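# sequence and predicted structure below; questions after.
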Amino acid sequence: MGDIATVPEFSPAVVKHYYRESWRCLEEGLCVAAILLSFACLEVALLDALSFEPWKPISRRYPKRMGSIDLLDWGRQVGCLSEDGWRKGHRIRDYRNALTHPGLDYKRIAKRHTKMARLVREAKRDWGTFDRSHKLKASAAFHLMSRQVAREAVSDVHDVLEHVYTRGPFSGGGIMSLRTGKTVGLLGGALGSSEHNARATTTR
């Protein structure tokens, strides 16, 4: 896992804000907040990116009227998201759902997350007949693994942002350190920020 304390230079201020807050929450051990903010960051980024040419969906349901699943699916269809980015986006959504719909998705999350699934099996073995509730065991495993899950959520959204905001209409963007606010690397072509701003104005 690389340095996640960075954000694409060409991402809008609101995306930078959400990502910075999710990273800070992770650093402070506020795992639930980190997961929820990672999902919010993902949605805002897709709403922004899909408003640019050539990624505008040909649909009556313009991005602002789309739900998270539609945003992810359209993002993959128009080339804004890679297959890997699409999978990571859905994983972030799953983690968020496990928090906002308690008891609904814990079991599914536990099955998908290898270490969490192991904790559930161990709980089932150790607790025996003391508690037969799989929902409770899955919930307990989720909270035991919350820091790792939060780190995965923040890491996943970091990868998605870097993928989106250094390609297509954002090619040539740099990578900015959250710690210093300075550009620490360049990806893509040679398009400068002033040229990008001019092009972004004409391609929305």
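Happy to help now that I have it.
# ok, V32 touching L99?
Yes. Applying C-beta atoms under 8 Å as the test, V32 and L99 come out as touching, 5.9 Å apart. Bear in mind the C-beta positions are built from the backbone N, C-alpha and C, glycine included.
# more neighbours: the two, which one.
More neighbours surround L99 than the other of V32 and L99, with 19 against 15 (other C-beta atoms under 10 Å).
# any idea which element the spatially closest residue to L72 that is not a sequence neighbour lies in?
Counting by C-beta to C-beta, 6 or more residues apart in numbering, G89 is the residue found nearest to L72 once chain neighbours are left out, at 4.6 Å. Using DSSP states H and E, the element containing G89 is helix 83-100.
# same deal with I35?
helix 31-49.
# ok, and for that helix, which residues are buried?
31, 33-49 (16 or more other C-beta atoms under 10 Å).
# tell me the pLDDT of the residue nearest to L72.
G89 is assigned 95 on the pLDDT scale.
# swap in L187?
pLDDT, L187: 54.
# and the closest residue to C80 other than its chain neighbours, which of the three is it?
Spatially, and ignoring its direct neighbours in sequence, C80 is nearest to W55 (4.5 Å; C-beta to C-beta, 6+ apart). When classified by DSSP: H, G, I helix; E, B strand; the rest coil, W55 comes out as coil.
# number of residues surrounding W55?
With other C-beta under 10 Å as criterion, W55 counts 23.
# before we move on, back to that, so the residue nearest to L72 sits against D70, correct?
No. Counting by C-beta under 8 Å, G89 sits too far from D70 to count as a contact (11.7 Å).
# who has more neighbours, these two?
Neighbour count, other C-beta under 10 Å: between G89 and D70, G89 has more, with 27 against 16.
# quick one: the strands in the protein?
6-8, 174-177, 183-186 (DSSP state E).
# out of those, which is closest to E162?
With C-beta to C-beta as the criterion, E162 lies closest to strand 6-8 of the strands of the chain, at 5.8 Å.
# ok, that closest one: who's next to it in the sheet?
Strand pairing for strand 6-8, using DSSP bridges, gives strand 174-177 (antiparallel).
# ok, residues contacting the strand it pairs with?
For strand 174-177, contacts defined as C-beta atoms under 8 Å, 6 or more residues apart in numbering pick out 5-10, 16, 162, 166, 182-187, 193.
# in stretch 161-171, what counts as buried?
161-170.
# could you do stretch 147-161 as well?
149-161.
# which of the residues you listed fall in helices?
149-161 (DSSP state H).
# re earlier: can you put the buried residues of stretch 147-161 in a markdown table and add pLDDT?
Listed next are the buried residues of stretch 147-161 as a markdown table, based on pLDDT from 0 to 100:
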| residue | pLDDT |
| --- | --- |
| V149 | 85 |
| A150 | 92 |
| R151 | 93 |
| E152 | 92 |
| A153 | 94 |
| V154 | 97 |
| S155 | 96 |
| D156 | 96 |
| V157 | 97 |
| H158 | 97 |
| D159 | 96 |
| V160 | 96 |
| L161 | 96 |
